[in-house]
Each structure stands twice: as structure tokens, then as C-alpha cells.
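> no sequence on hand, only this structure:
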């Protein structure tokens, strides 16, 4: 299997690459192509938008956290597609400071690994010919990276476009499109980035609008030629996606708990596990016959009062934890704790299965890759196993009295204080699991 593709990236965050990505996915799908989306890096919000745009589940590719086998197994999820389109994270060359298990974790590395040429979305607001120097620098920074050209974004006028194109022509940079400035194209955001796809008031109409906008201002035929000229990923190997931590998994799924990496859920299902979704916000208890309850991250801080009043959910959780494992990640970890204090300073009682107390009243930013060496077992992994994950939240720990779950380090090997907790059958971490280190 060799499926060609491209990488949509940018010099920095906030340049409009997600809007371009969604419009391109939908436009290609409207043209009758089976399009496989991917996300470079540890983002758990964008893949749901990709699914809405392309009609195919999107998967993360992460060169820092994932070994070669897992990268190949995830690339193989494109089977049956005609085109792959990846979306980068942050700037094209932004990654970690120290080389880890496989690489520095940049979108450029993902593009090279997958054989995808890069299309750079350049915000040309406040500049004209000078934008070419930026694009040329990105093209030349890594001569081994295939560089297809640029899409100009936030172009102010025909004169602005002409001057900017002249600069790109002089630098030998191909312009694949030029998008006029439009304030209505911005996706709504909150403190972890975009709002969740399920919360968008009219997502399909918005994506259709992005596709129409791209058709008008981007040379789709040139984009397809870029894809056709790419080498594509290596294709499937004997590697498999991660195995499930239990046979019957009760998984919290609603607006408060939704951050689970798609490759994990696909791997669990492929291995025969049953995923039993339930909604804590609807006061649903996890399935009584589940082998494991898993609470993903999300936005429990926006629903503190609802969760505190969800007696059926909390009673079912406590009943399960008497004899069987419960695990929470980030927001799910907070919900397993004693209390959560929202940004207004209101204290909400949580499940009380752990002693954790967290607060959003005084926000503290936590962001980065995590390597965890387990001191105690957690679902799917024995003590001593090393895990790779990612942490992203704004909460402050006020109390974390239970036994630590793991020794946790950042991408450069420095210890971090968020060790997670274990108490009885209950475990929790602030990082979102990506994979075990041997995967």
C-alpha cells in the first residue's frame, strides 16, 4: 500500500492552518476522493473536526512518543483511502529540546517519515514581499524535507496579493492559493484550543463554507498534483495498535470527558474489546458488568455543578471501584478526586475515590510530553512499565495525598511533580496516555 499525501503546516500557531485543513478535507471529499486525515503531534481535539470534514476517523502521528512499529500501524489506517492529508502542530519545526525515544516530535519529522510534501500556510498580515523570506527560510531550514509551496492567508487587497506573490516568485516559492482576510472564518476557541467538535453550533455548515472558500481561492488541481508526486507512507507492517487494558471497558463520553486518542480506541476495538460509553453529565452509571471504568480528559471544570449533583454516576463509580479498576486521565483524574474548585472559586464535590483536590481559581499552565515509569500497576500496564503521554491543563493541585502512581518526567528527562495517584483499585494521571514505551 502506497497512499500519497501532504502535510498542512505553518510557521506558527494561529495562522489559519486548521481552517485550511478542514476546507481542503471537505473539498477533496466533495470531489469524490476518499481522504484520510491525520494530526501530527499530541492533539486530541482536532481529529474530531477532521472526522466531520472528511468522513473518516483521523489519527495522531507522533514521532516523539511513538516507535516505528506504532507509526506504521497508524499509517496503515489509511488503507482504502486515495489521499492522506496531515495537519501539523504549532510551527513546522517546533518540537522538544532533547532528542527522545525516536525524534524531536516536529511536524517536519512526521512529513519526512510519511513521505509528504509540506504546504505552508503563511499569515501575510502586516507584510508583503517580506513573507517570502519567511517561506524561504522554512524551505531551506531542512533541505531533505519536501516543500511544495505556500498558501497565503489573510491577504488584505489585490495589491497586497500582487506584492506578496512577487516576493514568493523571486524566492522560487510556488503559491498554491491566496486567501482574503475574513473574520468569520475563525473557529471558536477556549483555554485548551478549539472548542470540541460536538459543541460547535453548526459545524457541517461551517466546514462547507471553508470548502467553498478554498475552492474560490486555492488551486485544488495544483494541490492534487502535489499529492500525486509524493512518495506516500511505507504501508502496513506486522505492527499492531495498542492492546486493550480490559475486555469490557466502560468509557465516559460526553462534553466533559472526550479526550481519548483515536488510535487507542481503534486498537482496543480491533483486539475485540467492547467499549461501553456512558455520560456522567447525564448522570449515567458505568455498566455494572464492565471490567474497567475509564474516564478520559475533557472539561469537567465547566460542569462542576452538574457532576457534583450526578448521584447515580458517582454511586455507580464507587460501587465498581470496590472490586474492579477505575482509571482517570487529567479531567477524569480530577473527577475521581475529592473536590474541584472552578474559576469562580466554587468548590464542587467529586467522586471522592482519590484525595485529589484541584483548582481553576488561580490557573497554572501545564503543557508538554510526559514519560512515566510506573511505581504501581494501572489498567493495561504493570509496575515498572514506562509510558509515553502528554499533559495539557490549567489546574492547580491543592491536595494530592494518595500514593504516587509513577515517577513522571518531561521530554528532556526532568522530573515533574504531577505523579498521579493510586488508592485501592483507583488510579489517575494528569497525562493523557499515548502508548507504552515498547510500542
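Great, that's in hand. Just so it is clear, the structure is predicted and the values come from calculations on it, not from any experiment.

> where do the helices sit along the stretch 1-150 of the chain?
With helices called from DSSP state H, counting those that start in this stretch, the stretch 1-150 of the chain shows them at 17-30, 46-54, 68-75, 107-114, 130-141.

> name the helices or strands packed onto the first one?
Judged by 3 or more C-beta pairs under 8 Å, 6 or more residues apart in numbering; DSSP states H and E, helix 17-30 is in contact with strand 5-9, strand 35-40, helix 46-54, strand 83-87, helix 203-217, helix 220-228. The C-beta positions use only the backbone N, C-alpha and C, and glycine is treated the same way.

> and the ones you listed as CSV, adding mean pLDDT, distance to residue 281 and mean neighbour count?
Formatted as CSV, the helices and strands packed on helix 17-30 follow (pLDDT from 0 to 100; distance: least, C-beta to C-beta, whole Å; neighbours: other C-beta atoms under 10 Å):
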stretch, mean pLDDT, distance to residue 281, mean neighbour count
strand 5-9, 97, 33, 28
strand 35-40, 98, 26, 27
helix 46-54, 94, 17, 23
strand 83-87, 97, 29, 26
helix 203-217, 94, 20, 18
helix 220-228, 95, 40, 16
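
> can you tell which of those is closest to residue 243?
helix 46-54 (20.8 Å; C-beta to C-beta).

> chain center to stretch 114-127: distance?
Distance, stretch centre to chain centre, for stretch 114-127: 20 Å (C-alpha atoms, centre = their mean, to the nearest Å).

> bridged to residue 218, which residues?
Note on residue 218: beta-bridge partners by DSSP bridges are residue 177.

> wait, isn't it in contact with residue 179?
Yes: assessed by C-beta atoms under 8 Å, residue 218 is found in contact with residue 179 at 7.3 Å.

> show the pLDDT at residue 231.
pLDDT, residue 231: 75.

> ok so it is a helix residue?
No: judged by DSSP: H, G, I helix; E, B strand; the rest coil, residue 231 forms no part of a helix; its state is coil.

> show the contacting residues for it.
Applying C-beta atoms under 8 Å, 6 or more residues apart in numbering to residue 231 gives the contacts 2, 4, 115.

> ok, now residue 129?
Applying C-beta under 8 Å, 6+ apart, the residues contacting residue 129 are 163-164, 166-167, 170.

> distance check, it against residue 157.
15 Å (C-beta to C-beta, to the nearest Å).

> identify each buried residue in stretch 61-70, please.
Buried residues in stretch 61-70, counted by 16 or more other C-beta atoms under 10 Å: 61-67, 69-70.

> wait, residue 276 touches residue 247, no?
No: contact status for residue 276 versus residue 247: not in contact, 10.6 Å apart, counting by C-beta under 8 Å.

> between these two, point out the one with more neighbours.
Taking other C-beta atoms under 10 Å, residue 276 and residue 247 do not tie; residue 276 has more neighbours (18 against 13).

> measure the more buried one to residue 333 for me?
For residue 276 relative to residue 333 (C-beta to C-beta), the value is 20 Å.

> where does the protein have low pLDDT?
The chain contains residues with pLDDT under 70 at 1, 100-102, 183-198, 232-238, 439.

> farthest residue from the center of it?
Distance from the C-alpha centroid of the chain peaks at residue 159, with 37.7 Å (C-alpha atoms, centre = their mean).

> now for that residue: which residues touch it?
No contacts exist for residue 159 under C-beta under 8 Å, 6+ apart.

> then it would be within a helix, right?
Yes: with three-state DSSP as the criterion, residue 159 is located in a helix.

> now do it against residue 353, distance only.
Plainly put, residue 159 is 63 Å away from residue 353 if you go by C-beta to C-beta.

> over to residue 247?
Taken as C-beta to C-beta, the span from residue 247 to residue 353 is 22 Å.

> same deal with residue 396?
20 Å.

> who has more neighbours, those two?
residue 353 (25 against 15).

> so what sits opposite residue 428 in the bridge?
residue 328, residue 421.

> residues near it, how many?
27.

> residues contacting it?
Residue 428 touches 327-329, 332-333, 336-337, 354, 356, 405, 420-422, counting by C-beta under 8 Å, 6+ apart.

> what of residue 400?
Contacts of residue 400 by C-beta under 8 Å, 6+ apart are 355-357, 419, 421.

> now with 6 Å, please.
For residue 400, the contact set (C-beta atoms under 6 Å, 6 or more residues apart in numbering) comprises residue 356.

> gap between it and residue 297?
Distance from residue 400 to residue 297, by C-beta to C-beta: 17 Å.

> could you do residue 227 as well?
34 Å.

> who wins for most neighbours among the contacts of residue 129?
Most surrounded of the contacts of residue 129: other C-beta under 10 Å gives residue 164, at 25 neighbours.

> ok so that residue is a helix residue?
Yes: when three-state DSSP is applied, residue 164 is found to be in a helix.

> that one touches residue 131, doesn't it?
Yes: counting by C-beta atoms under 6 Å, residue 164 touches residue 131, with 5.5 Å between them.

> which residues do these two both contact?
With C-beta under 6 Å, 6+ apart as the test, residue 164 and residue 131 both reach residue 124.

> count residues in the vicinity of residue 305, would you?
11.

> skip the chain neighbours and tell me the closest residue to it.
Excluding its sequence neighbours, the residue lying closest to residue 305 (C-beta to C-beta, 6 or more residues apart in numbering) is residue 348, at 6.1 Å.

> cool, and residue 397?
Using C-beta to C-beta, 6+ apart, the nearest residue to residue 397 is residue 358, at 5.9 Å.

> return the list of helices and strands in contact with the strand or helix carrying the one you found.
For residue 358, the element it lies in under DSSP states H and E is strand 357-359. Packing partners of strand 357-359 (3 or more C-beta pairs under 6 Å, 6 or more residues apart in numbering; DSSP states H and E): strand 339-341, strand 396-399.

> distance from it to the middle of the chain?
24 Å.

> how is this structure carved up into domains?
According to automatic domain parsing, the chain comprises the domains 5-228, 248-436.

> to residue 242, which of the ones you listed lies closest?
domain 248-436 (4.3 Å).

> span of stretch 408-415 from start to end?
Terminal residues of stretch 408-415 lie 6 Å apart, using C-alpha to C-alpha, to the nearest Å.

> just to revisit the earlier point, could you dump the helices and strands packed on helix 17-30 into CSV with distance to residue 256 added?
Below are the helices and strands packed on helix 17-30 laid out as CSV (distance: least, C-beta to C-beta, whole Å):
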stretch, distance to residue 256
strand 5-9, 30
strand 35-40, 22
helix 46-54, 15
strand 83-87, 25
helix 203-217, 19
helix 220-228, 38
